[in-house]
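>>> just the structure for this:
(2 chains)
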2 protein chains.
Amino acid sequence: MDSTVTIKDVAALAGVSVGTTSRVLSGNPSTSPAARERVHAAVAELGYRPDARARSLRSARSQTVGLLISDVRNPFFADVAHGAEQAALRSSYVTLLANANEDPKQQDTYLESFLTQRVDGIIIAPQGEESAHLRALATTVPLVFVDRTVDGFEVPSVTSDNALGIDQAVAHLADRGHTRIGYIGGPRSISTGRARHDAFVRAVARHRLDTDPGLITSGDFRSASGAVAAERLLSGAQPPTALLAADSPMAVGALGALRRRGLRIGSDVDLVAFDDIEWFSELDPPLTVVSHDAQAMGSTAMRLLLDVIEGRTPESVVLPTRLVVRESSGGARRQA
Amino acid sequence: MDSTVTIKDVAALAGVSVGTTSRVLSGNPSTSPAARERVHAAVAELGYRPDARARSLRSARSQTVGLLISDVRNPFFADVAHGAEQAALRSSYVTLLANANEDPKQQDTYLESFLTQRVDGIIIAPQGEESAHLRALATTVPLVFVDRTVDGFEVPSVTSDNALGIDQAVAHLADRGHTRIGYIGGPRSISTGRARHDAFVRAVARHRLDTDPGLITSGDFRSASGAVAAERLLSGAQPPTALLAADSPMAVGALGALRRRGLRIGSDVDLVAFDDIEWFSELDPPLTVVSHDAQAMGSTAMRLLLDVIEGRTPESVVLPTRLVVRESSGGARRQA
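Numbering: from 1, shown residues only, chains lettered A, B, ... in the order given. This next block holds a predicted model:
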């Protein structure tokens, strides 16, 4: 990146006027989608960074931040949103939420909208790989990643210790005597999908369990895909005796699939999920989970974002995980 | 309301300039909170209505709408939000979500923010009684109520048939032989809290069940309050043999309270909830519910809002409810 790049260079490469470039970079809504796309692509290609002081002089703060979560119907992200928003209110910021619905195109639509809304900063659980859009965003507005990251971005992030969490789950299932653990992973295009998959492969090797690649499936982090993956794992010639799902909606999907096959969960087949939610202890059976604190993740992400907005450069945070053993993997039966 | 009221009258009563009044009414962020409050109060007192055509000439549409839900962690509202947002995207509108967190003050903070963001319209599940703030909002921007309404507002709404739903639940429990049904209601300050309470009182009378007022409690529509209410009902001298919770988080709270007392749900005590959610059939035991379609409620509300934005005057919609009997009130035990 060349720090002598100016707005004129961006305008020339984008093939639009300096005025249009300036309006796009300041989030002015009176610009065409085509112009915005060309300017963002040019910003990314040239590595242009607007002067932060000039930017703060140019526009008063809106005291509004954007939070783009992956799936509003996933209770984990609802808890992240709640934690972030309450932290923002304590600092007199309001949070506009948007829902990417696990869809990169929808993510880009909402990021565009946040910019035209002139938010002071954005927290995002990104949908996937680096995009010119996301790259341009990082140069335009204070940005923090939550739960998920994108390789190659120097953006503060709050994530869980995915490797620790997966290892806790695999060690627990190995202790229970399982050698064939079926893994229901998330998309490899998403950082948590990759990190949890890689940790699973390492943990299986470390605990000398069966490394059969047929034991590894992946879904899209939503419940229907968990049911499909569980069905595929259980219909094989030598089905696994335990399932580990990489998020809670997929675990709920797997729960239904196991029951439809007449399998008793916690005795015929064990089931463990990444993510804990208030009402998971009320499921039938209560789920053993890798617990990480979603509300703390949200409030920490907001603290980092407000630091960036104030001109500080906070360190990224990795939150610990904790295994909570319940009846779905041999925990004590609850009463009544 | 006097239709000859002008912006000058509003400015005079508010004690601010016409320019400031105009900026407040157009959602310009460069106004003080005090000025905004005085202008909104004056608008409400005078019943001032800006000319809709003048307003649409004055400002280009932002293609952005605001959706203020009551509690992002309540899966019912997450489903409403999902339905609304998908409908908006189909019409090239993006939806900014905000979470009132069942708090009227937080509601007002976010409404203010939506106005400064220049949204084209707002869908809101209102927190409670009429306020000058909400009154002013209804004259400033296209508005639709979802799930909940506020008396005295001529605003299109999408609600459930609360009376039908409660009657379906009470009739089912009466058929099961219950005469003492404990009711865990929502706040009486919220329309759904009032409507479901009144419907419960009428249904109990119609089915000639015990009208003991000690059988009626109320929470705040969140799970902890459901646990407290269930505990109070069950610790009485003559406890109810069935519980009906006015929303799903309170039902999950009641489920935990019942189990902690060692009561078998569906045999010792029946439990029925208003609201259905995808994973309720996976609870222990699966919950009997009054089902209404949260996603359809969200998408219908968005259709109404887009109609209002386009200058039409849509009729309010009342969606039907349906009783789904599961094991928590004697439905067939599921397998495995």
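
>>> just checking, which helix or strand of chain A averages the lowest pLDDT?
None of the helices or strands of chain A scores lower by mean pLDDT, DSSP states H and E than helix A:52-58, at a mean of 42.

>>> contacting residues around whatever helix or strand comes next after that helix?
Using DSSP states H and E, the helix or strand that follows helix A:52-58 towards the C-terminus is strand A:64-69. With contacts defined as Cβ atoms under 8 Å, 6 or more residues apart in numbering or on different chains, strand A:64-69 is touched by A:77-78, A:80-81, A:84-85, A:88, A:93-100, A:107, A:110-111, A:114, A:117-125, A:302, A:305, A:309, B:113, B:116-117. All C-beta spots, glycine's among them, are computed from the backbone N, C-alpha and C.

>>> pull out the buried positions in stretch A:315-328.
A:319, A:321, A:323-328 (16 or more other Cβ atoms under 10 Å in any protein chain shown).

>>> looking at the stretch 201-336 of chain A, which residue is nearest chain B?
Distances between the stretch 201-336 of chain A and chain B by Cβ to the nearest Cβ are smallest at A:Asp284, namely 3.3 Å.

>>> how much space separates that residue from B:Leu263?
16 Å (Cβ to Cβ, to the nearest Å).

>>> contact partners for A:Pro239?
Contacts of A:Pro239 (Cβ under 8 Å, 6+ apart): A:180, A:182, A:233.

>>> quick one: which of these is most hemmed in?
Neighbours here mean other Cβ atoms under 10 Å in any protein chain shown. Within these, the largest count is held by A:Gly182, at 26 neighbours.

>>> for that residue, what are phi and psi?
phi -80, psi 130 (degrees, to the nearest 10).

>>> what comes into contact with the helix or strand where A:Leu164 lies?
Using DSSP H and E, A:Leu164 sits in helix A:162-175. Residues from elsewhere that reach helix A:162-175 (Cβ under 8 Å, 6+ apart): A:181, A:192, A:195-196, A:198-200, A:202-204, A:206-207, A:209, A:242, A:244, A:270, A:272, A:274, A:288, A:290, A:292, A:320-323, A:325, A:329.

>>> out of the residues you listed, list just those in helices.
Here DSSP state H is the test, and the contacts of helix A:162-175 give A:192, A:195-196, A:198-200, A:202-204, A:206 as lying in helices.

>>> any idea where the helices of chain A begin and end?
With DSSP H as the criterion, chain A has helices spanning A:7-14, A:18-25, A:33-46, A:52-58, A:75-90, A:104-116, A:132-140, A:162-175, A:191-206, A:223-234, A:248-260, A:294-309.

>>> about what we covered before: go ahead and confirm the residue of the stretch 201-336 of chain A closest to chain B touches B:Pro286.
Yes - with contact defined as Cβ atoms under 8 Å, A:Asp284 reaches B:Pro286; the gap is 7.4 Å.

>>> who's in contact with the closest residue to chain B within the stretch 1-150 of chain A?
At 3.8 Å from chain B, A:Leu97 is the closest residue in the stretch 1-150 of chain A, using Cβ to the nearest Cβ. Residues near A:Leu97 by Cβ under 8 Å, 6+ apart: A:67-69, A:72, A:81, A:85, B:72, B:96-99.

>>> quick check: bridge partners of it?
Judged by DSSP bridges, the bridge partners of A:Leu97 are A:Leu67, B:Leu97.

>>> report the separation between it and A:Phe153.
A:Leu97 is 22 Å from A:Phe153, by Cβ to Cβ.

>>> skipping its backbone neighbours, what lies nearest A:Thr159 in space?
Nearest residue to A:Thr159, sequence neighbours excluded (Cβ to Cβ, 6 or more residues apart in numbering or on different chains): A:Val318, at 5.7 Å.

>>> contacting residues around the residue nearest the centre of chain A?
Central residue of chain A (Cα atoms, centre = their mean): A:Arg148, 3.6 Å from the mean position. If you count contacts by Cβ under 8 Å, 6+ apart, A:Arg148 has them with A:70, A:125-126, A:159, A:190-192.

>>> what about these, which one has the most neighbours?
Top of the contacts of A:Arg148 by neighbour count (other Cβ under 10 Å): A:Ala125, with 29 neighbours.

>>> am I right that that one is in contact with A:Val150?
No - in terms of Cβ under 8 Å, A:Ala125 does not count as a neighbour of A:Val150; the distance is 10.5 Å.

>>> show me the domain layout of chain A.
A:1-59, A:162-292+A:322-329 (automatic domain parsing).

>>> those domains: lowest mean pLDDT?
The weakest mean pLDDT among the domains of chain A belongs to domain A:1-59, with a mean of 71.

>>> A:Gly152 versus the residue nearest to A:Arg135 when sequence neighbours are not counted, what's the distance?
Nearest residue to A:Arg135, sequence neighbours excluded (Cβ to Cβ, 6+ apart): A:Ala44, at 4.0 Å. According to Cβ to Cβ, A:Ala44 and A:Gly152 sit 12 Å apart.

>>> the more surrounded of these two?
When A:Ala44 is set against A:Gly152 and neighbours are counted by other Cβ under 10 Å, the residue ahead is A:Ala44, at 20 against 9.

>>> wait, what's in contact with that one?
With Cβ under 8 Å, 6+ apart, A:Ala44 has these contacts: A:132, A:135-136, A:139.

>>> just the buried ones out of these, please.
Judged by 16+ other Cβ under 10 Å, buried ones among these: A:135-136, A:139.

>>> so which of the helices of chain A is nearest B:Thr21?
helix A:104-116 (25.5 Å; Cβ to Cβ).

>>> against which helices or strands is the closest one packed?
Packing partners of helix A:104-116 (3 or more Cβ pairs under 8 Å, 6 or more residues apart in numbering or on different chains; DSSP states H and E): strand A:64-69, strand A:94-99, strand A:121-124, helix A:132-140, strand B:94-99.

>>> need the CA coordinates for stretch A:183-197. CSV is fine.
Only the C-alpha atoms of stretch A:183-197 are listed here, as CSV (Å, rounded to 0.1, in the frame of the first residue of the first chain):
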residue,chain,number,x,y,z
TYR,A,183,-18.4,-34.2,12.7
ILE,A,184,-21.0,-31.8,11.4
GLY,A,185,-19.0,-28.7,10.3
GLY,A,186,-19.8,-25.3,9.0
PRO,A,187,-18.9,-23.9,5.6
ARG,A,188,-15.1,-23.8,4.9
SER,A,189,-15.6,-20.4,3.4
ILE,A,190,-16.2,-19.0,6.9
SER,A,191,-13.3,-18.7,9.4
THR,A,192,-15.1,-20.5,12.2
GLY,A,193,-16.0,-23.3,9.8
ARG,A,194,-12.4,-23.7,8.9
ALA,A,195,-10.9,-23.3,12.4
ARG,A,196,-13.3,-25.8,13.9
HIS,A,197,-12.8,-28.3,11.1
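
>>> which residues touch it?
Contacts for stretch A:183-197 (Cβ under 8 Å, 6+ apart): A:126-129, A:147-151, A:159-160, A:162-163, A:165-166, A:200, A:215-221, A:226, A:229-230, A:233, A:243-247, A:250-251, A:254, A:274.

>>> list the buried residues in that stretch.
Buried positions in stretch A:183-197, judged by neighbour count with 16+ other Cβ under 10 Å: A:183-187, A:190-197.

>>> and for stretch A:34-47?
Judged by neighbour count (16+ other Cβ under 10 Å), stretch A:34-47 contains these buried residues: A:35-46.

>>> again, but for stretch A:216-232
In stretch A:216-232, counting by 16+ other Cβ under 10 Å, buried: A:216-223, A:225-232.

>>> same question for stretch A:90-106.
In stretch A:90-106, counting by 16+ other Cβ under 10 Å, buried: A:93-102, A:104, A:106.

>>> got the residues you listed as JSON lines, with pLDDT columns?
Converted to JSON lines, those look like this (pLDDT from 0 to 100):
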{"residue": "A:Tyr93", "pLDDT": "92"}
{"residue": "A:Val94", "pLDDT": "90"}
{"residue": "A:Thr95", "pLDDT": "92"}
{"residue": "A:Leu96", "pLDDT": "91"}
{"residue": "A:Leu97", "pLDDT": "92"}
{"residue": "A:Ala98", "pLDDT": "92"}
{"residue": "A:Asn99", "pLDDT": "92"}
{"residue": "A:Ala100", "pLDDT": "91"}
{"residue": "A:Asn101", "pLDDT": "89"}
{"residue": "A:Glu102", "pLDDT": "86"}
{"residue": "A:Pro104", "pLDDT": "87"}
{"residue": "A:Gln106", "pLDDT": "89"}
